[in-house]
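Asker: Test case, fold it:
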Amino acid sequence: MNGTITNRRDRAQNTISTTRDPYFDNARGLLIILVVVGHALLLVEGELADRAVAYLYAFHMPAFIYVSGYVARNFTPTPRRCAAIIGTMIVPYLIFQGIIDVFVPLVREKPWEADLLNPQWTMWFLPALVAWRLMLPLFRQLRFPLIFAVAIAVLSPVSGSIGNEFTTGRILAFLPFFIAGAVTPARFFTIMTSVWGRLSGIITGVLMVVIVTALADHEAFTMEMLYARFSFDAMEHGTSEGIMLRAAVLVCGALGTLTVLAWTPRTTTFVTSLGRHTLYIYLLHPLVLFPMKYGSWEPEIFNGTQGNLLLIGASALLAVILGSLPVRFVTRILVEPPLGWMIKPPAPESAAGMDAGVPLDHADAGADAGADAGAGAGAVAAPTTKKSRET
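Answerer: Modelled structure (predicted):
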């Protein structure tokens, strides 16, 4: 009997794996490339870099969270899915947060201090993704979950306690995009990739560029509004001004997300494989950029317009390399550590309990983790410069 059950489960897994929709992998693949490019551009000087960072941060994080919400739309806290969260989000966060916590004091010649509650640089997305998934069953009980999520995102920075500690600021700020993805019907993506959907994607993209340009030129606007780490008070905004800016940022994120959805290819492409392994790219690329971020290495070759263009190409190539099979093979022990000794084997679940034809292991949980990041180590008052290097 046990062998029969196992065989049925294996057949269900194989069927699901072969029917996996490349559309969402394509979206994640494109967005993870933009993640690496955005983080690299933060570390150099140049007018192109400053403008590009503003446009990228207006939409690539919201779009990735939206896709993550859609993939997780059927999430329920079963033992198997909770085990997947531990193995693909919590443990990798502890490993890579620990690596950065160890090396940053050595590079900066400061006393060592472990701080697992204040995510370093790119590490904030993993605890945020855990929080969003655990909140999802609660939001399903609401009649208008997206309205409540938007209200939370707009009003939460009124509280002065919002900050970088356990990335509470970002969890609440980007919550609407996760909930929006979770409540989106599958037919919506067919509409968005139709001829009219793609044309509307051009319009939404132009509108986003116009709004971001206007915001970037506004004297009260700083990049911290896009990073969404701190309270209005920490960013030196009054309540009404902060609410209007936060609402504008949410609109930009929504417009940019629609553009990404409209122009993401529906068939298998060269970025499909990257979309299936975003966790590797997300966790490994800050280690490559570490000398520029935390050390004294400031490569002049990447400054200026031509240097910025060179860095964009190099960053895209870096994303491709980090998602390649050889790199995954070498780093698997860190990104996907064997946890059989620590986690109880969960009871088998039926194929019907899986999300969108995606197995509930790293494809379901870990692949979501390759999104934007940008939190600095310390929960300090937000700087008011146009472009913060600590994100």
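
Asker: Could you use CA atoms for every contact and neighbour count after this?
Answerer: OK.

Asker: Flag the shaky bits of the chain, pLDDT-wise.
Answerer: 1-19, 108-112, 346-391 (pLDDT under 70).

Asker: Try it again at 80.
Answerer: 1-20, 104-117, 160-161, 163-165, 219-220, 294-298, 340-391 (pLDDT under 80).

Asker: just so I have it, where are all the strands in it?
Answerer: Taking DSSP state E, the chain contains no strands at all.

Asker: residues near the closest residue to Ala247 other than its chain neighbours, how many?
Answerer: Among residues not flanking Ala247 along the chain, Val154 sits closest, at 6.4 Å (Cα to Cα, 6 or more residues apart in numbering). By other Cα atoms under 10 Å, the residues close to Val154 number 22.

Asker: Over to Leu309?
Answerer: 16.

Asker: again with the one 3 residues further on
Answerer: For Ile312, the neighbour count with other Cα under 10 Å is 21.

Asker: Going forward, the N-terminal residue is numbered 805.
Answerer: With 805 as the first residue, the last one maps to Ile1116.

Asker: which residues touch it?
Answerer: Val841, Ala844, Leu845 (Cα atoms under 8 Å, 6 or more residues apart in numbering).

Asker: let's go with 10 Å and repeat that
Answerer: Contact analysis of Ile1116 by Cα atoms under 10 Å, 6 or more residues apart in numbering lists Ile837, Leu838, Val840, Val841, Gly842, Ala844, Leu845, Ala853, Phe1106, Gln1110, Leu1122.

Asker: which residues does the first one contact?
Answerer: Yep, that's Ile837 we're talking about. Ile837 touches 864, 1075, 1078-1079, 1082, 1085-1086, 1116, 1119-1124, 1174-1176, counting by Cα under 10 Å, 6+ apart.

Asker: can you rerun that using 8 Å?
Answerer: Ile837 neighbours (Cα under 8 Å, 6+ apart): Ser1119, Ala1120, Ala1123, Val1124.

Asker: which of those are buried?
Answerer: Among the contacts of Ile837, those classed as buried by 16 or more other Cα atoms under 10 Å are Ser1119, Ala1120, Ala1123, Val1124.

Asker: Report the separation between the closest residue to the second one other than its chain neighbours and Tyr859.
Answerer: Once flanking residues are discounted, Ala1120 sits nearest to Ile837: 5.5 Å by Cα to Cα, 6+ apart. Computed as Cα to Cα, to the nearest Å, the Ile837 to Tyr859 distance reads 15 Å.

Asker: Would you mind measuring from the residue nearest to Ala1051 to Gly973?
Answerer: Val958 is 11 Å from Gly973, by Cα to Cα.

Asker: go on, Leu1083?
Answerer: 22 Å.

Asker: Ok, Phe943 next?
Answerer: Counting by Cα to Cα, the gap from Phe943 to Gly973 is 19 Å.

Asker: go on, Leu910?
Answerer: 28 Å.

Asker: do the same with Asp1021
Answerer: 24 Å.

Asker: Show me which of these two is the more surrounded one.
Answerer: Shown here are Asp1021 and Gly973; by other Cα under 10 Å, Gly973 has more neighbours (23 against 11).

Asker: Can you tell me how far Val1124 is from Phe1094?
Answerer: Val1124 sits 18 Å away from Phe1094, going by Cα to Cα.

Asker: Sorry, wrong one. I was asking about Ala1120.
Answerer: 17 Å.

Asker: same check, this time on Tyr870
Answerer: 28 Å.

Asker: more crowded one of these two?
Answerer: For Tyr870 versus Phe1094, neighbours defined as other Cα under 10 Å are more numerous around Tyr870 (26 against 15).

Asker: So that one sits against Val987, correct?
Answerer: No: between Tyr870 and Val987 there is no contact under Cα atoms under 8 Å: 10.0 Å.

Asker: is it true that Tyr1086 touches Leu835?
Answerer: No: between Tyr1086 and Leu835 there is no contact under Cα under 8 Å: 10.8 Å.

Asker: what's the spacing between Lys847 and Ile975?
Answerer: For the record, residue 847 is Leu, not Lys. Look at Leu847 and Ile975: by Cα to Cα, they are 24 Å apart.

Asker: Sounds good, over and out.
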